[in-house]
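[1] Structure for this input, please:
(one chain, ligands or ions: 2)
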Amino acid sequence: MKRYFVTTFGCQMNAHDSERIKGVLEDLGLGEAPSQADADVVVFNTCTIREKPDQRLAAHLGQAAALKRAEPDRIIAVGGCYAEAQRERIFEQYPFVDVAFGPGTIRHLADWLGAGGEGVPRGLFGTADERRFSAALPTRRERRVQAWVQVSMGCNSVCSYCIVPHVRGRELSRRPGEILAEVTRLAAEGVKEITLLGQNVNSWGRDLLPDIGTDFGELLRACDAVEGIARIRFTSPHPKDFRRPVIEAMAESRSVCEHTHLPLQSGSSRMLKRMRRTYSRERFVKLADDLRTAIPDLALTTDIIVGFPGETEADFRETLDVVEEIRFDGAFTFIYSPRHGTEAATMPDQVPEEVRHERLERLVDVVQRIAHERNQERIGRVEEVLVEGPSRTDPALLRGRTRRNTTVNFAGSAQPGDLVGVRIEAATSTTLRGSDAAAVAA
Ligand code: 5AD
Ligand code: SF4
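    Ligands and ions are numbered 1, 2, ... in the order given. Model prediction:
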């Protein structure tokens, strides 16, 4: 039997696409190899959001070149966002790559392999008509009790720093009937938690509106009604499209978890304007307030970029102010990275490297201090935890997540998929420690 190995970079969307890539390969009769060196088909599912993933890929492809030299029949495939950004150039940069495809053209890999590489072009990319929902493809799920469900592909925003609209194309919503059929099937397979995925979940359905008239809030309510699904998450919402009906649906749907990942990007309205985020600092703060008022105990996490072109010390301090004001439960923090083809890449006032780094360090200090304090507030409470498996650091403990999406390591005996009450005893900025509350009571 021929074997494959898939290496995944980037976001949850890519992690989910890799499940489809594996599903497609298994449909062709391939099995999973334990390592790249053991694989006949070596696949890279790439990301290009910042320069760092590009560099990591270059290192990986260097190793792949050596594997190819050792065994010239081995197939090297490159898919995902970097491939889409480079298109045919990928074969010039890396001549040993046999086949390439974009995030919307996963099926191409199967077509090319199925034809033995004969008569099918080496690369297929597409941000227009060639794109297909990967949800239509077979899947090899990585997680037993949790699943990703794609609700849309592409993005209609024009954030001036972001490459995603260039590589994932215009937004297309998946039809609600298809989404619900998938959620129902997952529930029947024993899945307890679903994460609805889209580049901007809150604009889901707008392109379908003329004929069926629906919005993301209604989709949340419909998923909540599916028997067996205990938890619903979604990522990412764009603050500009987070409207009242969605907040109400979150508040009123039992399974929708008390967590929202709400990307701030900057606390300076001047920067937000240059980033083309279309909300101000004040509107963002009000949205965070509205969400917390409607959903008591809501966890809020965010993404923040430092060193965007033209960012002054005063702009950066506004970001620190907003972080102090909102008190996020966690934040992904990034140094601005110019991406070829985006509007911001050619802005004249790029911030010097040292300044970007210094700001990142200051931001991380504040973010971690607050996250630590927020987690400390959980000590003494009993949180509902969905058990995922043994702890990664101490196999004597179990690992799971709270509804607020914090990882908990705890003492107890439960099976993956169980929902257990865990009494929280200790906290760091990113994880909680506890014990099975029932066991403690007994
Ligand atoms: N540079 C740095 N960070 C970026 N992000 C997107 N594009 C860039 C870029 N060019 C960040 C944003 C986004 C997250 C997924 O990545 O914060 O929300
Ligand atoms: Fe995900 Fe963006 Fe990276 Fe593509 S470029 S994998 S959409 S983070």
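[2] only C-alpha atoms for contact and neighbour calcs from this point on.
    OK.
[3] first to last residue in stretch 248-263, what's the distance?
    20 Å (Cα to Cα, to the nearest Å).
[4] Would you indicate which residues of it are buried?
    The neighbour-count check on stretch 248-263 (16 or more other Cα atoms under 10 Å) flags 249-251, 253, 255-263 as buried.
[5] for stretch 162-175, same thing?
    Neighbour counts using 16+ other Cα under 10 Å place 162-174 of stretch 162-175 among the buried residues.
[6] State the number of residues packed around Lys240.
    Lys240: 16 surrounding residues under other Cα atoms under 10 Å.
[7] In three-state terms, how would Gly62 be classified?
    helix (DSSP: H, G, I helix; E, B strand; the rest coil).
[8] Number of residues surrounding it?
    Gly62 has 12 neighbours, counted by other Cα under 10 Å.
[9] Now flag whichever of the buried residues of stretch 162-175 is closest to Gly310.
    Nearest to Gly310 among the buried residues of stretch 162-175: Cys162, at 16.3 Å, using Cα to Cα.
[10] Now the two most distant members of the buried residues of stretch 162-175.
    Within the buried residues of stretch 162-175, two members stand farthest from each other by Cα to Cα: Cys162 and Arg174, at 23.0 Å.
[11] Skip the chain neighbours and tell me the closest residue to the residue of the stretch 51-200 of the chain found nearest ligand 2.
    Proximity of the stretch 51-200 of the chain to ligand 2 (Cα to the nearest ligand atom) peaks at Cys81, 4.6 Å away. Spatially, and ignoring its direct neighbours in sequence, Cys81 is nearest to Cys47 (4.9 Å; Cα to Cα, 6 or more residues apart in numbering).
[12] Just list the residues touching that neighbour, thanks.
    Residues counted as contacts of Cys47 (Cα atoms under 8 Å, 6 or more residues apart in numbering) are 9-11, 14, 53-54, 80-82.
[13] Now a ChimeraX select for only the buried ones of those residues.
    Typed into ChimeraX, the line below selects the buried ones among these, using 16+ other Cα under 10 Å:
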select :9,10,14,53,54,80,81,82
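[14] So which of the contacts of Cys47 is the closest to Gly117?
    Of these, the one sitting nearest to Gly117 (Cα to Cα) turns out to be Gly80, at 19.3 Å.
[15] Could you check the pLDDT of that closest one?
    pLDDT, the model's per-residue confidence, is 97 for Gly80.
[16] next one: Asp207
    89.
[17] Ala441 now?
    At Ala441, pLDDT is 62.
[18] Residues of the chain that sit close to ligand 1?
    Proximity of the chain to ligand 1 (Cα under 6 Å from any ligand atom) is limited to residues 49-50, 161-162, 263, 265, 303-305, 334-339.
[19] Name only those of these that count as buried.
    The neighbour count (16+ other Cα under 10 Å) marks 49-50, 161-162, 263, 265, 304-305, 334-339 as buried among those.
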